[in-house]
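Participant: Below is the sequence, then the predicted model.
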Amino acid sequence: MRVEVRDVRFGYGASGPEVLHGVSLAAESGTLHGVIGPNGSGKSTLLRVIGGVAGPSSGSVSLGGQDIGGLSPRQAAQVVAAVGAAEAVIFPFTVEETVLMGRSPHLHFLASETALDVAKAREAMERTGVAHLAERRITSLSSGERQRVLIARALAQEPRVLLLDEPTAHLDVNFQVEIMELAQALAHESGITTVAVLHDLNLAGRYCDRITMLSSGQVAACGAPGEVLTEEHLLDVYGVRAIVGRRPELDRPAVFVISGSPRHGARHGAQHGAPHGAPHGAPHSGGPGGPSEGGVPSGIDSIEGDREAGSGEDPGACSGLHRRRQG
């Protein structure tokens, strides 16, 4: 299912600052589309708008040609599923009970799960490699195992679009690679259009088919990883000096951050600590995202919105080639 965002603007409250300033992107069916950018650039807010939780003040979001604003919450949850950044897990449900919660959009009011629902939940657990943990309490799992369970819960919804907000946050390098390989497989093999907010630029460059880079609520660049992850864009948007090499085995970009820049912070308000990486090894951990708490089976409400806003010119629609943000 194609996801298309057209000239979206969004702000929190009638008098609140505008967080997204005319953002446009297109995620093609069965692809993994990364969204990157400094803290406060609007990444998580964009996911909330795509998921239909936050309505744009102008512009539109369409899923397979249908405006998401015309769908009820139940209908939207049958199409879009989400996993928030570092979702809080409080209650000691078993893994199977947790994954079964993903079937809620398909159940009638006060109805119990059927044999079909149980089968769909088990299929999701098998797909994410957590079936052997079915009877374990989710509170007893490692961070990597828990993240796989939450993705399984999302898959139990049978979505055609999957939204992942910092899916590798707080995970060690092994689990980061596992989660990104799973996300890529869900897109390429299962045909689920996946949009993932990522802080680790090397993971984005290694696994994403296309990338949209945000800066102060605007599209600074979009396109193939090699078009977006350039030394010029990293200096302009993140305020860091970097060397961008190539992964010879994949012909993908690899980012080496050298140092910050005097322009850093004064121009874009970003924070130090852009991720490092090496072309011949596994990607390194990016900056962790802030925790968010989830309360609905779809997971979309668990995605925290960005409260920091910037200003600047409207970049217009993303044509597929990278767009340099003019200072």
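Facilitator: Right, received. Where do you want to start? Residues are numbered from 1 along each chain as shown.

Participant: on contacts alone, who are the packing partners of the strand or helix carrying residue 194?
Facilitator: Applying DSSP states H and E as the criterion places residue 194 in strand 193-197. Using 3 or more CB pairs under 8 Å, 6 or more residues apart in numbering; DSSP states H and E, the elements in contact with strand 193-197 are strand 18-27, strand 32-36, helix 43-50, strand 161-165, helix 173-188. Every C-beta, even on glycine, is put in place using the N, C-alpha and C of the backbone.

Participant: May I see the buried residues of the last one?
Facilitator: Think helix 173-188. 175, 176, 177, 178, 179, 180, 182, 183, 184, 186, 187 (16 or more other CB atoms under 10 Å).

Participant: Ok, stretch 161-177 next?
Facilitator: Of all the residues in stretch 161-177, those buried under the rule 16+ other CB under 10 Å are 161-171, 175-177.

Participant: related to what we said a few turns ago, and the strand holding residue 194, which strands flank it?
Facilitator: Note on strand 193-197: by DSSP bridges, its sheet partners are strand 32-36 (parallel), strand 161-165 (parallel).

Participant: can you list those strands in CSV and add distance to residue 199 and mean pLDDT?
Facilitator: Listed next are the strands paired with strand 193-197 as CSV, based on distance: least, CB to CB, whole Å; pLDDT from 0 to 100:
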stretch, distance to residue 199, mean pLDDT
strand 32-36, 7, 98
strand 161-165, 11, 98
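
Participant: could you dump these to JSON lines with distance to residue 238?
Facilitator: Listed next are the strands paired with strand 193-197 as JSON lines, based on distance: least, CB to CB, whole Å:
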{"stretch": "strand 32-36", "distance to residue 238": "9"}
{"stretch": "strand 161-165", "distance to residue 238": "19"}
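
Participant: nearest to residue 241, of those?
Facilitator: Taking CB to CB, strand 32-36 is the member of the strands paired with strand 193-197 nearest to residue 241, at 17.5 Å.

Participant: Dump that closest one to PDB, restricted to CA.
Facilitator: Extracted C-alpha coordinates of strand 32-36, given in PDB (Å, rounded to 0.1, in the frame of the first residue of the first chain):
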ATOM      1  CA  LEU A  32      11.200   0.400   4.000                       C
ATOM      2  CA  HIS A  33      11.200   4.200   4.100                       C
ATOM      3  CA  GLY A  34      13.400   5.800   6.700                       C
ATOM      4  CA  VAL A  35      12.800   9.200   8.400                       C
ATOM      5  CA  ILE A  36      15.800  10.900   9.900                       C
END
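
Participant: give me every residue that touches residue 62.
Facilitator: Going by CB atoms under 8 Å, 6 or more residues apart in numbering, residue 62 touches 2, 3, 4, 6, 68.

Participant: check contacts around residue 35.
Facilitator: 25, 43, 46, 47, 195, 196, 197, 198, 211, 212, 214.

Participant: didn't the fourth one look like it was pressed against residue 166?
Facilitator: No. Between residue 47 and residue 166 there is no contact under CB atoms under 8 Å: 10.0 Å.

Participant: Need the overlap of contacts for those two.
Facilitator: Residues touching both residue 47 and residue 166 by CB under 8 Å, 6+ apart: residue 197.

Participant: re earlier: need the contacts of residue 62 in TSV with neighbour count, can you?
Facilitator: Putting these into TSV (neighbours: other CB atoms under 10 Å) gives the following:
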residue	neighbour count
2	16
3	24
4	18
6	18
68	23
